[in-house]
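**Student:** heads up, no residue letters with this:
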């Protein structure tokens, strides 16, 4: 999943180049073709998925990560999610946030994302749920505050839409339930 997220983020990044976007497109093509068989331990998908990961790494090395990774670090730490799970959840809801506020340029980037991934934002959220990756999205108020305050804001600059402190809270509240 981290390779998927690297590919999407590298495509979205304000630092994206034609080269990084070409790597992203090819990585996402391989992911789309192989992931379902890969998670069912089909050995014939191991090599293509390694190529998918390599291409995603090349893309993100050029374009750098953006909001989904910036949001994921405390979620990973506090909820003990695997890194790729934390990033994928954040990517899903940042994608939704961007859809709701997109200008024409961002609408085109998001339309490209749907074509490359073969999924809409809502379908990606359902995909994550089908993998049981969204089952435990609750935390205490203190954990929520730590999560909000733990966003790596230096990574937000690569995101194709401005995200304010209020937006950070709103995005997290769109998928995290705060207990008590």
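**Tutor:** It's in. Model, not experiment: these values are computed from the prediction. Residues are numbered from 1 along each chain as shown.

**Student:** Let me see the ranges of the strands in this protein.
**Tutor:** Ranges of strands in the chain, per DSSP state E, are 138-140, 177-179.

**Student:** Pull out the buried positions in the last one.
**Tutor:** What that stands for is strand 177-179. Of all the residues in strand 177-179, not one is buried under the rule 16 or more other CB atoms under 10 Å. From N, CA and C alone the C-beta is placed, and that goes for glycine too.

**Student:** Pairing partners for that strand, with directions?
**Tutor:** strand 138-140 (parallel) (DSSP bridges).

**Student:** Show me the shaky parts of the chain.
**Tutor:** Regions of the chain meeting the criterion pLDDT under 70 are absent.

**Student:** center of it, which residue is that?
**Tutor:** For the chain, the residue sitting closest to the mean C-alpha position, by CA atoms, centre = their mean, is residue 91 at 2.8 Å.

**Student:** count of residues packed around the residue nearest to that residue when sequence neighbours are not counted?
**Tutor:** Nearest residue to residue 91 in three dimensions, chain neighbours excluded: residue 68, at 3.8 Å (CB to CB, 6 or more residues apart in numbering). For residue 68, the number of neighbouring residues by other CB atoms under 10 Å comes to 24.

**Student:** How about residue 149?
**Tutor:** 10.

**Student:** Distance check, the closest residue in space to residue 95 that isn't next to it in sequence against residue 58.
**Tutor:** Distances taken as CB to CB, 6+ apart place residue 121 nearest to residue 95, at 4.4 Å, with adjacent residues excluded. Separation of residue 121 from residue 58 (CB to CB, to the nearest Å): 25 Å.

**Student:** now the strands of the chain in a markdown table, with distance to residue 17?
**Tutor:** Formatted as a markdown table, those follow (distance: least, CB to CB, whole Å):
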| stretch | distance to residue 17 |
| --- | --- |
| strand 138-140 | 37 |
| strand 177-179 | 39 |
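
**Student:** Out of the ones you listed, which gets nearest to residue 151?
**Tutor:** Closest to residue 151 of these is strand 138-140 (CB to CB; 14.7 Å).

**Student:** who touches that closest one?
**Tutor:** 78-79, 147, 176-180 (CB atoms under 8 Å, 6 or more residues apart in numbering).

**Student:** List just the nearest of those to residue 132.
**Tutor:** Nearest to residue 132 out of the contacts of strand 138-140 is residue 79 (CB to CB; 13.7 Å).

**Student:** Which residue is the nearest non-sequential neighbour of residue 17?
**Tutor:** residue 62 (5.8 Å).

**Student:** so who does the one you found touch?
**Tutor:** Applying CB under 8 Å, 6+ apart, the residues contacting residue 62 are 10, 15-17, 19-20, 23.
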